[in-house]
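Enquirer: Sequence first, predicted coordinates after that:
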Amino acid sequence: MDSGLCLVSSPNHQNIVQNNFYDPSWLQKQRNVPMNFVWPKEYLVNANEEFQAPLIDLDGFLKGNEETTNNVAMLISKACSTHGFFQVINHGVDLSLIGEAYDQMDAFFKQPIDKKLIARKIKGSMWGYSGAHADRFSSKLPWKETLSFPFHDNNVFEPSVTNYFDSTLGEDFQQTGVAFQKYCEAMKKLGMKLMEILAISLGLDRFHFKSLFEDGCSIMRCNYYPSCQEPSVALGTGPHCDPTTLTILHQDQVGGLDVFADQKWQTVRPRSDAFVVNIGDTFTALSNGRYKSCLHRAVVNRYKERRSLAFFLCPKEDKMVRPSQDIVSRDGTKQYPDFTWSQLLQFTQNHYRADEATLQNFTKWLLSSKITNTLP
Ligand SMILES: C=C1C[C@]23C[C@H]1CC[C@H]2[C@]1(C)CCC[C@@](C)(C(=O)O)[C@H]1[C@@H]3C(=O)O
Ligand SMILES: O=C(O)CCC(=O)C(=O)O
Ligand SMILES: [Fe+2]
């Protein structure tokens, strides 16, 4: 795996990095981005068109209107079979909850680096603060800072997000924990409704996916993209398909999310009242390849910092991810081997940096490790 030290050795650069972390306030001032952050030309092709992400009104479906539900299912089926991206409005999430989440994430990211490092991600863990993933990778570093934490709702007495903030950042971030606990609860609720409509759209029982996801541990990630003086050579998040199941993303008004559809990069215009939803690799496998997990990336900006809130819905870690027998029989062949989310997560955290070919390479890895493990 691509890992290693990213220290810049010149003594004048003491402020660059502490414990292997770049200081974003120093990075932002650089006229030329450090080589570790430069992406090869083929990754940097501009997006010149706007992506017409289907805009789906969830109001009738959420209110239980049968006719609207069938329409929504049709729109979702079309979007997911072609590129896997759509936007939802009238999603039932209070806009003030989204605003509060941005305010709280600003409070965290605006702190000096030494304060942010209190929450730094420990090797092998998914959770915490990461600056450019410099602790994991040594080239093609993403021009971003992230704060990731777990959400699960299987113990009402111990809310996972408030617990995370209390135990990592203490009293100063208690309000942040409360705001994100509420935000994640709303995302999980929306995610479970989207799982219902996805099931309907595939001709399955509407609760087909319920047991796989209700006890799962989802990933909440705050993405903070500092402004960059040389945006044409850097990327905020490199091109990838999400390995997770379903992503519910809110982006601020700056813009920077690009989708690769119709053989070209296209921009997704921000809408404050909408969530961008996309199918991840795990759902591609669950749908036997019918629903696409589409390549996307985040570009950076010379003048403005940008923020996004990504909620990644994930299955219960040790449950088998396999398409319904119904779909496989209708399709005639099964496209992917059975796996657990825990195996795919482990692959992306320890063996392979998620990109456009994660699912394909994971499948190969899984099959070869099975063969190796069964050899006498
Ligand atoms: C399971 C995950 C791995 C990543 C976070 C979630 C879902 C998306 C993945 C990611 C964002 C894809 C691009 C590369 C990555 C390393 C990143 O830039 O953050 C990926 C995440 C990760 O491995 O931490
Ligand atoms: O910030 C964005 O708009 C996209 C981020 C993303 O794709 C991710 O975190 O997986
Ligand atoms: Fe993504």
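Expert: Received the coordinates, thanks. Numbers count the residues shown, from 1 in each chain. Ligands and ions are numbered 1, 2, ... in the order given.
Enquirer: Let me see the contact set for the closest residue to Lys189 other than its chain neighbours.
Expert: Using Cβ to Cβ, 6 or more residues apart in numbering and skipping the chain neighbours, the partner closest in space to Lys189 is Gly92 (7.6 Å). Where C-beta positions appear, they are placed from N, C-alpha and C, glycine not excepted. Each residue near Gly92 by Cβ atoms under 8 Å, 6 or more residues apart in numbering is listed here: 58, 62, 186, 189-190, 193.
Enquirer: Buried ones among those?
Expert: 58, 62, 186, 190, 193 (16 or more other Cβ atoms under 10 Å).
Enquirer: Looking at those, spot the one nearest Leu309.
Expert: Leu309 lies nearest to Ala186 out of the buried ones among the contacts of Gly92, by Cβ to Cβ, at 11.1 Å.
Enquirer: Secondary structure of that closest one: a strand, I assume?
Expert: No: secondary structure of Ala186 (DSSP: H, G, I helix; E, B strand; the rest coil): helix, not part of a strand.
Enquirer: number of nearby residues for the residue nearest to it when sequence neighbours are not counted?
Expert: Once flanking residues are discounted, Ala186 sits nearest to Val93: 4.7 Å by Cβ to Cβ, 6+ apart. For Val93, the neighbour count with other Cβ atoms under 10 Å is 19.
Enquirer: What distance do you get for the residue nearest to Lys189 to Ser160?
Expert: 22 Å (Cβ to Cβ, to the nearest Å).
Enquirer: and what of Ile248?
Expert: 17 Å.
Enquirer: can you give me the strands in the stretch 201-350 of the chain?
Expert: Ranges of strands in the stretch 201-350 of the chain, per DSSP state E, counting those that start in this stretch, are 218-225, 237-240, 246-251, 257-261, 264-267, 275-279, 296-298, 306-313, 320-321, 339-340.
Enquirer: how about the ones you listed, which one is nearest Ser77?
Expert: strand 275-279 (11.4 Å).
Enquirer: ok, and what's touching that closest one?
Expert: 53, 80, 84-88, 91, 93, 190, 194, 242, 246-251, 257, 268, 287, 291-294, 296.
Enquirer: before we move on, what about stretch 188-205?
Expert: 58, 61-62, 69-70, 72-74, 76-77, 80, 88, 91-93, 151, 153, 206-210, 213-214, 218, 246, 248, 275, 277, 283, 287, 290-291, 311, 313, 324, 326-327.
Enquirer: Pull out the buried positions in stretch 123-142.
Expert: By neighbour count on 16+ other Cβ under 10 Å, the buried set for stretch 123-142 is 126-137, 140-142.
Enquirer: mind listing what the residue in the stretch 251-376 of the chain positioned nearest to ligand 1 touches?
Expert: The minimum distance from the stretch 251-376 of the chain to ligand 1, using Cβ to the nearest ligand atom, falls at Ala354 (3.8 Å). The contact partners of Ala354, taken as Cβ under 8 Å, 6+ apart, are 240-243, 348.
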